[in-house]
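>>> Quick check, what structure comes out for this input:
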Amino acid sequence: MNIILFDDPAIRQNLLPLTFTRPVSEIRVGILTLAEKWQQLTKQAVSSLTQNYLQAKYVSYHDVHNCYINGAICPTRELIDHMKGLSYGESYWQGDTLIAFNGDGLNIQEVEELINLAKDSKKRVLEGDVPMIRNVWEIFVYNGREIRNDFALLTKDRISQPVNDKFTAVYGEENIFIEEGATIKAAILNAEGGPIYIGKNAQVQEGAIIRGPFALCEGSTINMGGKMRADTTIGPFSKVGGEISNSVIFGYSNKGHEGFLGNSVLGEWCNLGADTNTSNMKNNYAEVKIWNYGKSGFKGTGLQFCGLIMGDHSKCGIDTMFNTGTVVGVSANIFGSGFPRNFVPSFSWGGASGFETYQLRKVYEVAEKVMDRRNKVLDATEKAILEEVFNQTQQYRVWDKKV
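Predicted structure coming up:
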């Protein structure tokens with residue numbers, strides 16, 4: 001069974017701005033991305049069927065026996081067994097949501113084509129709970145659960161590296177797993193409430209405090225005195241400090257200094273300036289509403305706690321203050337005093353006093369420098385994706401000045 005993870009159109013809209021630059025299945029929740037979860041459970045490569053402008057980077061691979069599965073699903077072994085029982089020409093549904101379609105030898109290149117074929121197929125109702133990420137805030141809401149699931153998956157029948165540092169205090173050591181090359185100095189690790197995963201070549205510096213469930217992925221660093229609360233994931237090759245609570249950082253993004261980040265999600269190549277703070281609860285304790293691209297307006301989350309959602313390549317200056325439930329698009333540059341608006345469109349330049357359009361030429365200049373520091377290249381494919389997002393999001397930028 002060749003697994004191709006497709007972008008459900010409605011779900012993808014609800015997961016913007018994060019899905020402007022990646023398929024739904026490349027979202028990180030827990031320790032792994034959704035695609036990596038499928039790879040680990042099935043022990044085979046998977047690919048994505050996504051938007052045309054993303055397919056140059058995220059190629060879909062077809063074989064003799066192709067099963068198209070909703071990329072928003074957090075897979076389980078039971079669910080995979082259900083997929084194996086799906087015959088050619090059959091599809092699984094829950095309500096109006098397509099869960100899977102057995103296309104066998106069909107070489108489907110468009111999500112719309114897939115949906116139409118599945119609608120005309122022999123439909124079967126998939127009973128039971130199917131864990132899915134349908135909205136941006138569910139990434140941090142379900143992160144603790146997914147850390148636990150991924151921890152069990154990644155560490156089964158394996159032996160952790162020991163905590164050799166005599167000045168590091170450990171609680172619930174049986175729930176801690178440390179990969180090769182990781183270093184921990186004079187820290188506090190409390191895994192009594194959930195597992196702690198320390199990835200390959202990660203660093204936990206002096207005075208850091210970690211409470212599980214928590215994941216520090218490959219090559220990442222917690223700076224001196226960092227306070228990591230439960231249900232938090234720091235993606236690969238990121239540097240963090242200050243206080244972080246119930247948040248997910250996808251990778252290659254930094255929050256290196258003091259300041260609070262709570263109930264939030266940061267994409268890749270983001271940077272929060274020193275003493276940046278996010279509000280994650282309103283003063284009147286009311287439900288938090290955030291910008292929804294599918295609705296083109298604000299949508300209730302049903303949550304009392306919701307902080308910042310930030311798309312790839314966005315940055316903010318020192319002392320930036322984000323209101324409760326702020327959504328920042330792709331490649332925004334935010335600076336200055338006061339609270340910026342709680343929806344900052346992609347390619348915005350400015351802050352509370354107003355915004356201008358952040359032109360692609362300057363976006364490329366910054367991205368090239370940032371990626372070069374991690375030995376990565378902003379190639380033609382990456383530039384084409386940013387250009388397409390720039391064009392798609394023009395409608396949200398209502399100002400005329402350009403920088």
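>>> Let me know how buried residue 348 is, in neighbour terms.
Residue 348 has 27 neighbours, counted by other Cβ atoms under 10 Å. C-beta here means a position set from N, CA and C on the backbone, and glycine is covered the same way.
>>> could you pull out the helices for this protein?
Secondary structure of the chain, counting by DSSP state H: helices at 9-14, 34-42, 77-84, 111-119, 138-141, 143-155, 360-372, 380-392.
>>> and the angle for the third one with helix 143-155?
Same thing as helix 77-84. 80 degrees (axes from the mean of the first three to the mean of the last three Cα atoms, to 10 degrees).
>>> what packs against helix 77-84?
Packing partners of helix 77-84 (3 or more Cβ pairs under 8 Å, 6 or more residues apart in numbering; DSSP states H and E): helix 34-42.
>>> Report all helices and strands that the helix it packs on contacts.
On a contact count with 3+ Cβ pairs under 8 Å, 6+ apart, helix 34-42 meets strand 2-6, helix 77-84, helix 143-155.
>>> Let's see that with 10 Å instead.
strand 2-6, strand 47-49, helix 77-84, helix 143-155 (3 or more Cβ pairs under 10 Å, 6 or more residues apart in numbering; DSSP states H and E).
>>> can you list contacts of the shortest one?
Okay, so that is strand 47-49. Residues outside strand 47-49 that contact it (Cβ atoms under 10 Å, 6 or more residues apart in numbering) are 2-7, 22-26, 34-35, 54-55, 57-63, 66, 68-69, 71, 108-111, 113-114.
>>> Mind doing that once more with 7 Å?
For strand 47-49, the surrounding residues in contact (Cβ atoms under 7 Å, 6 or more residues apart in numbering) are 4-7, 23, 25, 35, 58-61, 68, 71, 108, 111, 114.
>>> Mind listing what's buried along the helix-or-strand element of the chain with minimal mean pLDDT?
Taking mean pLDDT, DSSP states H and E as the measure, helix 77-84 is the helix or strand of the chain with the lowest mean score, a mean of 89. Under the neighbour-count criterion of 16 or more other Cβ atoms under 10 Å, helix 77-84 has 79, 82, 83 buried.
>>> Just give me the closest of these to residue 197.
residue 79 (22.8 Å; Cβ to Cβ).
>>> Which residues are in contact with that closest one?
Taking Cβ under 7 Å, 6+ apart as the test, what residue 79 contacts is 73, 130.
>>> Check residue 304 too.
281, 285, 287, 288.
>>> hang on, the earlier thing: would you mind giving the helices and strands packed on helix 34-42 as CSV with distance to residue 256 added?
Compiled in CSV, the helices and strands packed on helix 34-42 are given as follows (distance: least, Cβ to Cβ, whole Å):
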stretch, distance to residue 256
strand 2-6, 33
strand 47-49, 31
helix 77-84, 38
helix 143-155, 21
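>>> Using PDB, write out every CA atom in the longest strand along the chain.
If you go by DSSP state E, the chain has its longest strand at strand 97-104. Provided in PDB are the C-alpha atoms of strand 97-104 (Å, rounded to 0.1, in the frame of the first residue of the first chain):
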ATOM      1  CA  THR A  97     -15.000  14.500   5.500                       C
ATOM      2  CA  LEU A  98     -13.100  12.100   3.300                       C
ATOM      3  CA  ILE A  99     -10.800   9.900   5.400                       C
ATOM      4  CA  ALA A 100      -9.300   7.600   2.800                       C
ATOM      5  CA  PHE A 101      -9.800   6.400  -0.800                       C
ATOM      6  CA  ASN A 102      -8.300   3.300  -2.300                       C
ATOM      7  CA  GLY A 103      -7.200   4.500  -5.800                       C
ATOM      8  CA  ASP A 104      -5.000   1.500  -6.400                       C
END
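>>> Check which residues of stretch 326-343 are buried.
Neighbour-count burial for stretch 326-343 [16+ other Cβ under 10 Å]: 326-335, 340-343.
>>> ok, of the buried residues of helix 77-84, which one's closest to residue 230?
Using Cβ to Cβ, residue 79 comes nearest to residue 230 of the buried residues of helix 77-84, at 26.3 Å.
>>> Which among the helices of the chain is found nearest to residue 298?
Closest approach to residue 298 among the helices of the chain (Cβ to Cβ): helix 9-14, 13.2 Å.
>>> How is this protein divided into domains?
By the record's domain assignment, the chain is partitioned as 2-125, 138-396 (automatic domain parsing).
>>> Just confirm residue 191 contacts residue 171, I think it does.
Yes: assessed by Cβ atoms under 7 Å, residue 191 is found in contact with residue 171 at 6.4 Å.
>>> Of those two, which one has the most company?
Each of residue 191 and residue 171 has its neighbours counted (other Cβ under 10 Å); residue 191 has more, 22 against 15.
>>> Spell out which residues sit in contact with that one, please.
171, 172, 175, 176, 212.
>>> Apply 8 Å and report the result again.
By Cβ atoms under 8 Å, 6 or more residues apart in numbering, residue 191 lies in contact with 170, 171, 172, 173, 174, 175, 176, 212.
>>> now swap in residue 373 and tell me
Residue 373 makes contact with no residue under the criterion Cβ under 8 Å, 6+ apart.
>>> With the one 3 residues further on instead?
Residue 376 sits next to residue 252 when contact means Cβ under 8 Å, 6+ apart.
>>> how much space between it and residue 46?
Look at residue 376 and residue 46: by Cβ to Cβ, to the nearest Å, they are 23 Å apart.
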